[in-house]
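Peer 1: quick one, what's the 3D model for this:
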Amino acid sequence: MKPLNYSIPQRALHWGMALLILFNLLFTEGMETWNRAVRKGEAITPEMISSANIHAYVGIAILILVVIRLGLRFVQGVPDLPSEEPPVLKLIATATHAVLYVLMIALPLTGMGKYYFGQKLAGDIHADVLKVILWAFIVLHVAGALVQKFYFKTDVLDRMTKGVKA
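Peer 2: Predicted coordinates for the structure are as follows:
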């Protein structure tokens with residue numbers, strides 16, 4: 001049987017991961033400074049390493065948390081999408097979530113490929129392709145939640161914030 005609401009651990013993971021993802025998207029200077037120095041063959045300072053490590057460790061945390069989140073999703077299930085929504089929007093919501101999960105796995109893996117294994121292509125894909133796609137899907141995800149709440153007047157956002165069916 002499908003649950004009516006998201007569990008407390010599911011909600012905590014959702015919002016905690018949202019904060020970690022936004023942190024890594026907004027505060028990239030440490031990793032970019034380290035990457036520029038590596039590209040130019042400059043000396044890497046301990047400060048550069050420390051700053052880049054923060055970005056890397058947050059990315060690793062995101063990867064671990066997404067695995068836990070997928071496990072909870074598999075074990076606990078997720079509520080059905082509201083019946084008030086047209087089928088095409090349900091399909092878009094499902095596809096958006098699938099892409100977000102793929103990105104939450106692919107971004108840390110490509111970042112680790114660059115940072116820990118020196119794979120330039122992985123770094124290029126990470127910074128120049130996947131990061132842009134992630135931003136687009138975050139906007140789509142937030143817009144979809146707002147449309148569900150204010151246009152279709154569903155309880156999806158309430159289930160992920162308050163944890164109760166409105």
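
Peer 1: now for the residue nearest to Thr161 when sequence neighbours are not counted: which residues touch it?
Peer 2: Taking C-beta to C-beta, 6 or more residues apart in numbering, and ignoring the residues beside it in sequence, Thr161 has Arg11 as its nearest neighbour in space, at 7.6 Å. All C-beta spots, glycine's among them, are computed from the backbone N, C-alpha and C. Applying C-beta atoms under 8 Å, 6 or more residues apart in numbering, we find Arg11 in contact with Met160, Thr161, Gly163.

Peer 1: can you tell me the SS state at Leu81?
Peer 2: Secondary structure of Leu81, reduced to three states by DSSP: H, G, I helix; E, B strand; the rest coil: coil.

Peer 1: what's the lengthiest helix in the chain packed up against?
Peer 2: When the chain is scanned for its longest helix (criterion: DSSP state H), the result is helix 46-76. Helix 46-76 makes packing contacts with helix 8-26, helix 29-40, helix 87-115 when contacts are defined by 3 or more C-beta pairs under 8 Å, 6 or more residues apart in numbering; DSSP states H and E.

Peer 1: from the chain's centre, how far out does it sit?
Peer 2: Between the mean C-alpha point of helix 46-76 and the mean C-alpha point of its chain there is a distance of 10 Å (C-alpha atoms, centre = their mean, to the nearest Å).
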